[in-house]
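Q: Let's see this in three dimensions:
(chains A and B)
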2 protein chains.
Amino acid sequence: MSKSYRVAILGATGAVGTELLELLEIRNFPIADLKLLASERSVGRSLRFKGENLPIEAVSDRAFENVDIVLASAGGSTSKAWAAIAVEKGAVVIDNSSAFRMNPEVPLVVPEVNPEAAANHQGIIANPNCTTILMAVAVWPLHKIKPVQRIVAATYQSASGAGARAMAEVKRQTSAILQGQPPVAEVLPYPLAFNLFPHNSPLNDLGYCEEEMKMVNETRKIFGTQQIRITATCIRVPVLRAHSEAINLEFETPFSAKEAREILNSSPGVKLVENWETNYFPMPIEATGKDEVLVGRIRQDISHACGLELWLCGDQIRKGAALNAVQIAELLVEKIYSNHQLKLMFQASH
Amino acid sequence: MSKSYRVAILGATGAVGTELLELLEIRNFPIADLKLLASERSVGRSLRFKGENLPIEAVSDRAFENVDIVLASAGGSTSKAWAAIAVEKGAVVIDNSSAFRMNPEVPLVVPEVNPEAAANHQGIIANPNCTTILMAVAVWPLHKIKPVQRIVAATYQSASGAGARAMAEVKRQTSAILQGQPPVAEVLPYPLAFNLFPHNSPLNDLGYCEEEMKMVNETRKIFGTQQIRITATCIRVPVLRAHSEAINLEFETPFSAKEAREILNSSPGVKLVENWETNYFPMPIEATGKDEVLVGRIRQDISHACGLELWLCGDQIRKGAALNAVQIAELLVEKIYSNHQLKLMFQASH
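A: Just a heads-up that it's a prediction; the model follows:
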């Protein structure tokens, strides 16, 4: 583990970019050199990393020279424009956009679920969508014991899913309403303060939005099965940076809440949060800043003999994006073999 | 229709009480005399009704003399204490609490669904729980065409469900957070500003809270069938006064989204809100103050051959409570026969 790596963050100034920077520092990722790449308009700014001010550089072909790992989080079109160039220069790109996720040659990885898939990359590894990652971490440990047949999910998605500007907008709108002023919506299509609305991504012919189809298609790819039937209703709520999900699962045979609780209590990346006396269960303000997906209210579904209900919250920027990407980078540098828990998990998933 | 009635509102000063007052006025309910009843501590106050200031009277045995209809909305223990007395004095009690809802001798009525049940009262008619009313209005028209087999619901419930004090609390908490202060929770168990949490009603042995069991049991009673299997996850969200619900329905045979849309478009109490081009669907801020349940995002469920997804929003205080109670009162005074739409609906439900 004395080896260290040359890393670049593409989209360093965004909500996920700054979180990537923080995580590389606090997880002590073995860095030989760190480049912060962004668009021209951020050049001149700098960001703190381990006590130093690192300058923002403009993205260019040459910026990817002598880079081992690129953590890309600047949106799909930026990833499409630069990923192939970075790979050609010899880097591995861990991409947080949706650009390559469903490409059959690109592994789509949640380290707690399918770490082995990362090994089969051809230069690009895709980081799944936030809602998908959170659901995958909670559902996979159960699916491994008894295959899930069907998932009915309803999400409660925070403003951060639409970026730092949406988080600022919901605060501005809230402040306006409290002062008796009308809320102004510029980043999101409708006011989110004291309101909520279906996720505003493009709708397909069946009426499902892109966000919902990500939960359907990405989960199947990560779990390595097309057999799971999934439906989702994705809703944006006036919460700042953690997503919540109500998840109804159907199995072929009954799955007791007790057994599910025991399994999830010892599953990587999951923290069980359940106090039935005080009605204390996962809440987005408590998931904020946490690495784990908080899971609770595990109940046997009274409407289905083989059903199970789960409730979860997870930090959208952290495990839903930046942390998962850094964990993939850690898999790449074989930190996996020095980390007992991850090693056990890796073996178990084969 | 020249006959008019002596009406009393029990719990006149609460969020639902003041809404009842407003609705009796704007719907021009045939009132001969209106009494506003509340606890001792509200005596001395008065409320406006049709340009007059009506004094609040303390509730007592005598207060129910010469009253035809009592609209009760002061909580379960107050209803339990006074309903029998009011009935003994000759009044019919329309009760908004959960005290009598599951009593087999008490009709539980949503006028758009089972108006005929109101006729069989023995002095008390129960008004269902808010989440149940909203779901019933949207699901019943489909259920009449093809019986619903199973419902998986996830709710997004506003602060008003916990009363006017909870609405004020979420505003105070929000204001505190925007000023960098910690939110203080006194009415609800946890901060609701920029947060959400599972409904804090008591949990049963299966882990379902009372609110969820109301959706299960009350819906079955209103629909007149124990055959529908229902599960629900009830969540409080930082919205002021309209509830939202993601509803997954399973039928025995396929139900096309097109057919469901046509049915709901002409169903009483429902307003279809769907613009697929602009991602414009029901939102709680737009349901606020409206009589109708806004329904949209009607989709065929891609995870189930006979499944259908619905999204709805409805004013929790209005159709979820006060309006439904006033509509029951209108049924009682046979306004039904002078209202074409209600009359047709009444005939259709037989």
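
Q: Now do the end-to-end distance for stretch A:278-295.
A: 16 Å (Cα to Cα, to the nearest Å).

Q: Around chain B, pick out the residues from the stretch 201-350 of chain A.
A: For the stretch 201-350 of chain A, the residues in contact with chain B (Cβ under 8 Å from any Cβ of the partner chain) are A:201, A:203, A:206-209, A:216, A:229-231, A:233, A:235, A:237-240, A:244, A:246, A:248, A:257, A:276, A:278-281, A:283-285, A:297-304, A:307, A:309, A:311. C-beta here means a position set from N, CA and C on the backbone, and glycine is covered the same way.

Q: burial of A:Glu88, as a residue count?
A: 11 (other Cβ atoms under 10 Å in any protein chain shown).

Q: Test my guess that A:Asp291 contacts A:Leu323.
A: Yes - the criterion here is Cβ atoms under 8 Å, and A:Asp291 meets it with A:Leu323 at 5.8 Å.

Q: Could you tell me which of the residues of the stretch 201-350 of chain A next to chain B are located in strands?
A: Mapping these onto strands (DSSP state E) picks out A:229-231, A:233, A:235, A:244, A:246, A:248, A:297-300, A:307, A:309, A:311.

Q: Which of those residues sits closest to B:Lys146?
A: B:Lys146 has its nearest neighbour among these in A:Thr231, at 18.8 Å by Cβ to Cβ.

Q: Any residues of the stretch 1-150 of chain A in contact with chain B? List them.
A: When proximity is defined by Cβ under 8 Å from any Cβ, the stretch 1-150 of chain A lies next to chain B at A:Arg150.

Q: And the residue in the stretch 1-150 of chain A positioned nearest to chain B, its phi and psi?
A: The nearest approach of the stretch 1-150 of chain A to chain B comes at A:Arg150, 5.3 Å away (Cβ to the nearest Cβ). Main-chain torsions, A:Arg150, degrees, to the nearest 10: phi -150, psi 140.

Q: which residues does it contact?
A: Neighbouring residues of A:Arg150 by Cβ atoms under 8 Å, 6 or more residues apart in numbering or on different chains: A:228-231, A:249-250, B:303-304.

Q: Out of the residues you listed, which comes closest to A:Arg45?
A: A:Ile230 (41.1 Å).

Q: Run a quick neighbour tally on that closest one.
A: A:Ile230: 22 neighbours (other Cβ under 10 Å).

Q: What's opposite it in the beta bridge?
A: A:Ile151 (DSSP bridges).

Q: ok, now which ones touch it?
A: Contacts of A:Ile230 by Cβ under 8 Å, 6+ apart are A:150-151, A:153, A:215-216, A:219-220, B:302-303.

Q: next one: A:Gly44
A: Per Cβ under 8 Å, 6+ apart, neighbours of A:Gly44: A:55-56.

Q: I'd like the distance between it and B:Gln300.
A: Taking Cβ to Cβ, to the nearest Å as the measure, A:Gly44 falls 52 Å from B:Gln300.

Q: And A:Glu22, by the same measure?
A: Taken as Cβ to Cβ, the span from A:Glu22 to B:Gln300 is 43 Å.

Q: How about A:Ala8?
A: Applying Cβ to Cβ to A:Ala8 and B:Gln300 gives a distance of 44 Å.

Q: Tell me which of those two has more neighbours.
A: A:Ala8 (24 against 20).

Q: So, low pLDDT: which residues of the stretch 251-350 of chain A?
A: Residues of the stretch 251-350 of chain A meeting the criterion pLDDT under 70: A:335-350.

Q: same question, chain A
A: Ranges of chain A meeting pLDDT under 70: A:1-2, A:335-350.

Q: So which residues of it form helices?
A: For chain A, applying DSSP state H gives helices covering A:15-26, A:76-88, A:130-145, A:164-178, A:210-223, A:257-265, A:284-287, A:323-332, A:340-348.

Q: Redo those as CSV? Include distance to A:Arg101.
A: Below are the helices of chain A laid out as CSV (distance: least, Cβ to Cβ, whole Å):
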stretch, distance to A:Arg101
helix A:15-26, 15
helix A:76-88, 10
helix A:130-145, 9
helix A:164-178, 22
helix A:210-223, 6
helix A:257-265, 26
helix A:284-287, 23
helix A:323-332, 12
helix A:340-348, 22
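
Q: out of those, which comes closest to B:Gly123?
A: Closest among these, once you apply Cβ to Cβ, is helix A:257-265, at 41.6 Å.

Q: buried residues in that closest one?
A: A:257, A:260, A:263-264 (16 or more other Cβ atoms under 10 Å in any protein chain shown).

Q: For the residue nearest to A:Ile69 when sequence neighbours are not counted, list each beta-bridge partner.
A: With Cβ to Cβ, 6 or more residues apart in numbering or on different chains as the criterion, A:Ile69 has its nearest non-adjacent residue at 5.0 Å, and that residue is A:Val7. With DSSP bridges as the criterion, A:Val7 is bridged to A:Leu34, A:Ile69.

Q: ok, now which ones touch A:Val7?
A: With Cβ under 8 Å, 6+ apart, A:Val7 has these contacts: A:24, A:29, A:31, A:33-35, A:67-71, A:329.

Q: For my notes, please list those in a markdown table and give neighbour count for each entry.
A: Output for the contacts of A:Val7, formatted as a markdown table (neighbours: other Cβ atoms under 10 Å in any protein chain shown):
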| residue | neighbour count |
| --- | --- |
| A:Leu24 | 21 |
| A:Phe29 | 20 |
| A:Ile31 | 16 |
| A:Asp33 | 12 |
| A:Leu34 | 21 |
| A:Lys35 | 20 |
| A:Val67 | 22 |
| A:Asp68 | 19 |
| A:Ile69 | 23 |
| A:Val70 | 29 |
| A:Leu71 | 28 |
| A:Ala329 | 27 |
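
Q: before we move on, the earlier item: so the residue nearest to A:Ile69 versus B:Leu196, what's the distance?
A: 36 Å.

Q: same deal with A:Gly320?
A: Going from A:Gly320 to B:Leu196 by Cβ to Cβ gives 16 Å.

Q: the more surrounded of these two?
A: Using other Cβ under 10 Å, the more surrounded residue of A:Gly320 and B:Leu196 is A:Gly320, with 30 against 26.

Q: For that one, give me its contacts.
A: Taking Cβ under 8 Å, 6+ apart, one finds A:130-131, A:133-134, A:161, A:243, A:314 in contact with A:Gly320.

Q: Can you select the buried ones from the residues you listed in ChimeraX?
A: Here is the ChimeraX selection string for the buried members of the contacts of A:Gly320, based on 16+ other Cβ under 10 Å:
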select /A:130,131,133,134,161,243,314
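
Q: ok, so of the contacts of A:Gly320, who is nearest A:Ser39?
A: Distances from A:Ser39 to the contacts of A:Gly320, taken by Cβ to Cβ, are shortest for A:Gly161, at 21.2 Å.

Q: What distance do you get for the closest one to A:Gly289?
A: 16 Å.

Q: Now do A:Thr155: how many residues are near it, please.
A: By other Cβ under 10 Å, 28 other residues sit near A:Thr155.

Q: Now do the contacts for it.
A: Contacts of A:Thr155 (Cβ under 8 Å, 6+ apart): A:131, A:199, A:211, A:215, A:232-235, A:243-246.

Q: State the number of residues packed around A:Thr278.
A: 9.

Q: hang on, the earlier thing: now, among the contacts of A:Gly320, which is nearest to A:Ala99?
A: A:Cys130 (15.6 Å).

Q: if we can go back for a sec, from the residues of the stretch 201-350 of chain A next to chain B, list just the buried residues.
A: Looks like those have A:201, A:203, A:207-209, A:216, A:229-231, A:233, A:235, A:237-240, A:244, A:246, A:248, A:257, A:279-281, A:283-285, A:297-304, A:307, A:309, A:311 buried, using 16+ other Cβ under 10 Å.

Q: Hmm, A:Phe228 is touching A:Arg220, no?
A: Just to correct that, residue A:228 is Ile rather than Phe. Yes - here A:Ile228 reaches A:Arg220: they are 5.9 Å apart, a contact under Cβ under 8 Å.

Q: still on that earlier bit, format the contacts of A:Gly320 as CSV; extra columns: distance to A:Trp82.
A: Listed next are the contacts of A:Gly320 as CSV, based on distance: Cβ to Cβ, whole Å:
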residue, distance to A:Trp82
A:Cys130, 22
A:Thr131, 26
A:Ile133, 23
A:Leu134, 27
A:Gly161, 23
A:His243, 28
A:Gly314, 28
